[in-house]
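Chemist: Quick one: sequence plus predicted model below, questions after.
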Amino acid sequence: MIKALELALADNLIGPIRVHLDAQTAISRLQHTQPDPGQALALQAHALARKLQATSRSVTIHWVPGHRGVPDNKEADRAAKKTAGRPPTSKYTGISLAYIQRACSETARATKANWLTEKLAQQSQQAMGQAYHPPKGWKLNPIAADTYKRLASRYYQFKTRHAPIGTYLHRIKTQDSPRCLRCSRVETRVETPRISEQSPEARLFEDPKTTKALLAFIKAIREKEDYQQAEEQTCRADNWGIEALDEDERNGEG
């Protein structure tokens, strides 16, 4: 619209001037100059139209269907979008409220996107730092990987000295004493695999040939623990309330 009026003034075209537009929204916007999106362009179009009217050349806007198949129509659309995204130039020094609001929205959106990108990058770095990295030289044991999760987990707990035994529980301060809760012994011979040349136990975990035997041994221990726990639970269920009754009787006798 503005380009057409500028050409009419520059080429001194004879009136009346008729401008054909296929955008009904743009035609509606040119009917007023109130603060709305496109205010600066509307003001510029009105000023150009007044100049033409001052020289007895009336200006009329006509709506036409979309210019499909018209040469250079796509280029004109791209130029219009590019122009609408720029602040007004020429003699109009003011900026419309709509343009300010759009610029603020775009700035806020970009700021949020940058903040989110930085936070996600920091979390990714922290996650990488917290991720488990096996000691140098360790490889995946296919035999342990093929067993069920509970048994494989206990196997690697023993291999990395993180099994729930007295010494480890005491080291992480979840148990007051390093003694075993069942046998009351202090186990100090389980060494880390990194010094396997000094520890027969560690050499067992490093040798793939011993994996099946170790898994069978750990499974047997686990089954024994489960059986003992089941017996203890059954015993507690059978004797439920008896201790409290005995205590009440003793208090009554006293």
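Modeler: Received the coordinates, thanks.
Chemist: need the helices for the stretch 101-250 of the chain, in chain order.
Modeler: Taking DSSP state H, counting those that start in this stretch, the helices of the stretch 101-250 of the chain run over residues 142-146, 149-159, 166-171, 200-206, 211-238, 242-253.
Chemist: hey, least reliable of the ones you listed by pLDDT?
Modeler: Set side by side, the helices of the stretch 101-250 of the chain give their lowest mean pLDDT on helix 242-253, at a mean of 62.
Chemist: Residue 49 and residue 36, how far apart?
Modeler: Going from residue 49 to residue 36 by CB to CB, to the nearest Å gives 18 Å. (C-beta placed from N, C-alpha, C; glycine too.)
Chemist: how far away is residue 32 from residue 60?
Modeler: 17 Å.
Chemist: Repeat that for residue 159.
Modeler: Where residue 60 is concerned, residue 159 sits at a distance of 88 Å (CB to CB).
Chemist: the more surrounded of these two?
Modeler: A direct count of neighbours by other CB atoms under 10 Å for residue 159 and residue 60 places residue 159 higher, at 22 against 11.
Chemist: How many residues are close by residue 30?
Modeler: 18.
Chemist: my guess is it meets residue 59, correct?
Modeler: No - Residue 30 is beyond contact range of residue 59, at 10.1 Å (criterion: CB atoms under 8 Å).
Chemist: count of residues packed around residue 166?
Modeler: Applying other CB under 10 Å, we find 19 residues neighbouring residue 166.
Chemist: Just confirm residue 19 is within a strand.
Modeler: Yes - Residue 19 sits within a strand when classified using DSSP: H, G, I helix; E, B strand; the rest coil.
Chemist: need the contact list for it.
Modeler: 1, 4, 5, 59, 60, 61, 62 (CB atoms under 8 Å, 6 or more residues apart in numbering).
Chemist: pLDDT at it, what is it?
Modeler: 82.
Chemist: What's the separation between it and residue 4?
Modeler: Applying CB to CB, the value for residue 19 to residue 4 is 5 Å.
Chemist: before we move on, back to that, in terms of packing, which of residue 49 and residue 36 has more residues around it?
Modeler: Between residue 49 and residue 36, counting by other CB under 10 Å, residue 49 is the more crowded of the two (21 against 12).
Chemist: Could you list the buried residues of the helix or strand where that one lies?
Modeler: In the assignment (DSSP states H and E), residue 49 maps to helix 39-54. Applying a neighbour-count criterion of 16 or more other CB atoms under 10 Å, the buried positions in helix 39-54 are 39, 40, 41, 42, 44, 45, 48, 49, 52.
Chemist: Show the average pLDDT along stretch 47-64.
Modeler: pLDDT averaged over stretch 47-64 gives 81.
Chemist: tell me how far the ends of that stretch are from each other?
Modeler: Using CA to CA, to the nearest Å, the end-to-end distance of stretch 47-64 comes to 24 Å.
Chemist: Ok, stretch 159-179 next?
Modeler: 20 Å.
Chemist: Show me which positions of it end up buried.
Modeler: 159, 161, 163, 165, 166, 167, 168, 169, 175, 178, 179.
Chemist: how close does residue 27 sit to residue 36?
Modeler: Taken as CB to CB, the span from residue 27 to residue 36 is 14 Å.
Chemist: One more: residue 122?
Modeler: From residue 122 to residue 36 the distance is 41 Å (CB to CB).
Chemist: who's in contact with the closest residue to residue 16 other than its chain neighbours?
Modeler: Among residues not flanking residue 16 along the chain, residue 58 sits closest, at 4.5 Å (CB to CB, 6 or more residues apart in numbering). Contact analysis of residue 58 by CB under 8 Å, 6+ apart lists 15, 16, 17, 52.
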